[in-house]
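Asker: how would this look folded up:
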Amino acid sequence: MFGIFSFTPTLGQGSFDDMACPDCPSSDIPNDAKKESYTILMKTDKTSYNNADIISISGTIESATGVVSLLVYDTSGKIIWSENSNIKENGDFSTLLITGGTGWKKSGTYTLLAKYGEATSQVTFKFFYNEPEKKEGVPIWIKNNAKWWSQNQISDSDFVSGIEYLVIHKIILVSSIVDQSQSPQKSIPSWIRTYAGWWADGSISEGEFLSGIEYLVKTRIIKISNSYSEQEIPKQSSEGIQLQISVTTSKNSYTEGDTIVISGQVVSIIPDRPVTTQIFHEGNLVDIVQTTVAKDGKFTHTFLAQGPTWKNEGTYIVRASYGANSIVETHFEFFIKPTTSETTDIFEAKAGSKGTFDVKYSISGALVKDMVIDSDELKLVVFVEAKDDGVLTLELPRFAIDAKKSDGTDDAFILNIDGREVPYKEISTDADSRTISIKFEEGDSDLEIIGTNVI
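Answerer: Presented below is the predicted three-dimensional model:
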């Protein structure tokens, strides 16, 4: 299907002038192109297309250099696609276009326009839009991978691993993976990232994505390993495909703030390929990391179980992947750390034969069970039940316990928790009291404040 149109510069020539296309990509066109007459020959590989088809565009402009601007208009004359295509030394140009995305929702006649300087050429083709057949079974991690890959957050190899997974598990049904008539691409074209992003954000359906990827695999635009042809899919045992990777967690359950250690081993090392580890909760991605495999095949990484994505208790899935046939999962339970409220009160401390005295206090993470003066060892012992890490603040009456130097000035207290000396912070002092703050840990019980004199 050819379109031919050439002319020397004339203002207002044709219906597709520059004013009709304010959003077109700028063209790297030599100044001579606007002074000479050029003829654009352009064609598409077919005259009609359906959802998620690939349109192959090719053409030639004799003696031209730089780029040619290509645009597609829908049935209402709206631009739905544009691209600058490089012109080769012999004047040829070519590119590929996927019929998918927000602009491809109406059946009818579409127009492809080529512009080079003042020369234009256009061809039309039919497009038929049908609600795509839904193909079930695409794991959510593959959709996440498509999103991250479209945003350059993961490598090409990780994206291709997901495609290989679809082939192995027959979610994409391809009788022959490689069409030997097509030469494989050295790298994945950048426009495929746009296509993956469309699927990730819902602009195209899952069926459209799978149909398009199936075509790209068949034509070797996306090249996967030949070992994944349908005839060579690994045989499955009763427990599934034989795995080439193992993964485990350091514990079966974790609490908010814990460190999660994930480790594993791969059977066969693939040069320069990392292990991708993902953590999910109810299908939502919590964290992801790529880890280098050591020479002995082992890998390990630590995650900190806290932050905005760690807000729900339950079972969390760990998925480690190392190529499409090396995907394994394990799981752990996650619990939110209970919120500890602060208690402020007055406690009646015991002073033996001297009776009792009041101590103002506030505490978080624990309950105060008792306060007792030990006059023999010049100390106040505070007994607590620490269910969590916390802080105890005490307003100590000077008449009951104090620490003084020989010159009468304040000295530091000695603080012991369960027999170990710990630091403390003195918040304020006055003539009647000294207020101190003590940090303790979950499970602590006996807090001793040792002075130089007690009641």
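
Asker: Helices of this protein, start to end?
Answerer: Using DSSP state H, the helices of the chain run over 140-150, 156-168, 191-200, 206-218.

Asker: And stretch 392-402, end to end?
Answerer: Taking Cα to Cα, to the nearest Å, stretch 392-402 runs 18 Å from one end to the other.

Asker: which residues are contacting that stretch?
Answerer: Contacting residues not belonging to stretch 392-402 are listed as 349, 351, 357-363, 366, 368, 373, 378-380, 382, 384, 410, 427, 431-438, 440, 447, 449, 451-455 [Cβ atoms under 8 Å, 6 or more residues apart in numbering]. Every residue, glycine included, has its C-beta placed from N, CA and C.

Asker: Distance from it to the middle of the chain?
Answerer: Relative to its parent chain, stretch 392-402 has a centroid offset of 52 Å by Cα atoms, centre = their mean, to the nearest Å.

Asker: Quick check: buried residues in that stretch?
Answerer: Leu392, Thr393, Leu394, Glu395, Leu396, Pro397, Arg398, Ala400, Ile401, Asp402 (16 or more other Cβ atoms under 10 Å).

Asker: what's across from the third one in the sheet?
Answerer: To tie it back to what came earlier, the one meant is Leu394. Tyr361, Ile436 (DSSP bridges).

Asker: Against Ile54, how distant is it?
Answerer: Distance from Leu394 to Ile54, counting by Cβ to Cβ, to the nearest Å: 75 Å.

Asker: circling back to that earlier point, kindly reformat the buried residues of stretch 392-402 as TSV containing pLDDT.
Answerer: Supplementary listing: those in TSV, determined by pLDDT from 0 to 100:
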residue	pLDDT
Leu392	96
Thr393	97
Leu394	97
Glu395	97
Leu396	97
Pro397	97
Arg398	96
Ala400	96
Ile401	97
Asp402	97
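
Asker: picking up where we left off before, among the helices of the chain, single out whichever gets nearest to Phe303.
Answerer: helix 140-150 (16.5 Å; Cβ to Cβ).

Asker: pLDDT averaged over the closest one - what is it?
Answerer: Helix 140-150 carries an average pLDDT of 79.

Asker: Go through it and flag the buried ones.
Answerer: Trp141, Ile142, Lys143, Asn144, Asn145, Ala146, Lys147, Trp148, Trp149, Ser150.

Asker: repeat for stretch 401-421
Answerer: Ile401, Asp402, Ala403, Phe413, Ile414, Leu415, Ile417.

Asker: ok, the fourth one touching Ala403?
Answerer: Yes - with contact taken as Cβ atoms under 8 Å, Phe413 and Ala403 are classed as touching, separated by 5.0 Å.

Asker: overlap in contacts of these two?
Answerer: Residues touching both Phe413 and Ala403 comprise Ile450, Gly451, with contact defined as Cβ under 8 Å, 6+ apart.

Asker: still on that earlier bit, put together CSV for the buried residues of helix 140-150, with distance to Val328 on each row.
Answerer: Shown next, in CSV, are those (distance: Cβ to Cβ, whole Å):
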residue, distance to Val328
Trp141, 12
Ile142, 16
Lys143, 20
Asn144, 17
Asn145, 16
Ala146, 21
Lys147, 22
Trp148, 20
Trp149, 21
Ser150, 26
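
Asker: rewinding a little: filter the contacts of stretch 392-402 to the buried ones?
Answerer: Burial by neighbour count, judged by 16+ other Cβ under 10 Å, picks out 349, 351, 357, 359, 361, 363, 366, 368, 373, 378-380, 382, 384, 433-436, 438, 440, 447, 449, 451, 454-455 from those.

Asker: picking that back up, could you point out which of the helices of the chain sits nearest Asn90?
Answerer: helix 191-200 (23.4 Å).

Asker: what pLDDT, on average, does the closest one get?
Answerer: Rounded mean pLDDT across helix 191-200 is 80.

Asker: So which elements touch it?
Answerer: On a contact count with 3 or more Cβ pairs under 8 Å, 6 or more residues apart in numbering; DSSP states H and E, helix 191-200 meets strand 92-98, helix 140-150, helix 206-218.

Asker: Understood, closing this out.
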